[in-house]
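> Quick one: sequence plus predicted model below, questions after.
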Amino acid sequence: MLDSVLFYFFASIAVIGAVLTVTSRNAVHSAIFLITALLATAGIFLQLRAEFLFIVQIILYVGGIMVLFVFVIMLVNLDVAVRQMQFTRQKWVALVVSLALAAQVGLMFWSVRKMPGQGLAVIAAAPVESLKPNSEEVAKSLFSTYLLPFEIASVLLLVAMIGAVVMAKKRT
Amino acid sequence: MLSIGHYLFLGLALFVIGVIGVVTRRNVIIVLMSIELILNAVNINLVAFSRLYGDVAGQAFALFIIADAAAEAAVGLGIIIAFFRNRETVLADEMDLLKW
C-alpha cells in the first residue's frame, strides 16, 4: 500500500517535471524542472530498494551534471534565443514518432497479457530480514562480473574529460 | 499492487517526452536535457527488472548508463561552448556549417 502511494507520488512528479522541462521557454527553468524530475526518479529508485543508485543519482546527476548544465546556460548568452521561436516545425514528426513508440509498447503489453500464466509479473514486497546490503551487492557485481566494462567506463570518462577540455579551450 | 507494467509505463512516458523534446526544441541545451531524460527512463526500466528478478546486474548497468550520461553531457556542452564562441547561436537549425 505504502509502495503504491510512494510510486504514484514520485511518478507524477517525474512526469510533470519532464513535461515542463520540454515545454518551458527559459532554459534555466528547464534545468530546474529537469532537476525535479531527476530527484523524483531517485525516489523511484529508493522505492525499488536500490539505495546506492538513489545516492548516485542525487550526487552525480543532480549535483554534477545539472550544475554543469546550469554553468553552460550562464556562459552562453540566451537573451536573444529566448525571444525567438522555441520550437521547430517538426510537430508532425514528433507526433508520428511518439505514436509509433506508444503503439509498439502497447502491442507488447497486449501480447504479454494474452500469454497464459505469465502476464505482467507483480513485484513482490521483500521481507525486511531478507534485504541484502545494496551497495555491497552492487560492488560485488561491479568488481567481479562486470570488471572489464567498469574499467572501460573509466577510459570513456578520461576520453570525455580530454574532449571537453579540448573543445572548450580558447583557440590560440 | 505494483506490477512491472507500472514501471515500464513510467519509463515509456519519460522516454516519449524526451523524444518529443529532442525532435521539437530548437535550443541545443534543452535538446541535451531531453537526452538526459531518455537515459533516465532507461535506468528506471533496468532498476525495475533488477528488483523483479532479484539480480543486481540491472543496477550495475544503470551505473554504466549514468557514467555515459556524464561523458555525453561534458562533451556535448563543450561542443556548445565552442560553437557559441564562433557563431553566437545555440539554435539547432542555424547549425548548418561544418567549417567557417
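Everything's here; your move. Residues are numbered from 1 along each chain as shown, chains lettered A, B, ... in the order given.
> How about the residue nearest in space to the middle of chain A, nearest residue that isn't a chain neighbour?
Computing the C-alpha centroid of chain A and ranking residues by Cα atoms, centre = their mean puts residue A:38 first, at 6.0 Å. Leaving out its chain neighbours, the residue that sits closest to residue A:38 by Cβ to Cβ, 6 or more residues apart in numbering or on different chains is residue A:61, at 5.0 Å. C-beta: built from backbone N, CA, C; applies to glycine.
> residue ranges with poor pLDDT in chain A?
For chain A, the stretches with pLDDT under 70 are A:78, A:80-82, A:114-131, A:172.
> Show me the domain layout of it.
A:1-113, A:131-172 (automatic domain parsing).
> which one of those domains is the most hemmed in?
domain A:1-113 (a mean of 17; mean count of other Cβ atoms under 10 Å in any protein chain shown).
> SS state for residue 5?
The chain I'm using is chain A. helix (DSSP: H, G, I helix; E, B strand; the rest coil).
> any idea how far residue A:153 is from residue B:56?
16 Å (Cβ to Cβ, to the nearest Å).
> cool, residue B:3 as well?
Distance from residue B:3 to residue A:153, by Cβ to Cβ: 32 Å.
> Name the residues that touch stretch A:134-141?
A:49-53, B:56-57, B:59-60, B:63 (Cβ atoms under 8 Å, 6 or more residues apart in numbering or on different chains).
> Stretch A:4-19 now?
A:33-34, A:36-37, A:39-41, A:43-44, A:47, B:1-2, B:6, B:10, B:13-14, B:17-18, B:37.
> got it, and stretch B:58-69?
Contacts of stretch B:58-69 (Cβ under 8 Å, 6+ apart): A:50, A:52-53, A:56-57, A:60-61, A:65, A:134, A:138, A:141-142, A:145-146, A:149-150, A:153, A:156-157, B:36, B:39, B:42-43, B:46-51.
> give me that answer again for 7 Å
A:50, A:52-53, A:56, A:60-61, A:65, A:138, A:141-142, A:146, A:149, A:153, A:156-157, B:36, B:39, B:42-43, B:46-47, B:49-50 (Cβ atoms under 7 Å, 6 or more residues apart in numbering or on different chains).
> Kindly export it (C-alpha atoms) in CSV.
Provided in CSV are the C-alpha atoms of stretch B:58-69 (Å, rounded to 0.1, in the frame of the first residue of the first chain):
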residue,chain,number,x,y,z
GLY,B,58,20.5,-4.2,-13.7
GLN,B,59,21.7,-1.7,-11.2
ALA,B,60,25.3,-2.2,-12.4
PHE,B,61,24.2,-1.4,-15.9
ALA,B,62,22.3,1.6,-14.7
LEU,B,63,25.6,2.9,-13.2
PHE,B,64,27.3,2.5,-16.5
ILE,B,65,24.4,4.5,-18.2
ILE,B,66,24.9,7.3,-15.6
ALA,B,67,28.7,7.3,-16.4
ASP,B,68,27.7,7.5,-20.1
ALA,B,69,25.3,10.4,-19.4
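> The closest residue to residue A:87 other than its chain neighbours: neighbour count?
The shortest distance from residue A:87 to any non-neighbouring residue, by Cβ to Cβ, 6+ apart, is to residue B:24 (5.0 Å). Using other Cβ atoms under 10 Å in any protein chain shown, residue B:24 has 21 neighbouring residues.
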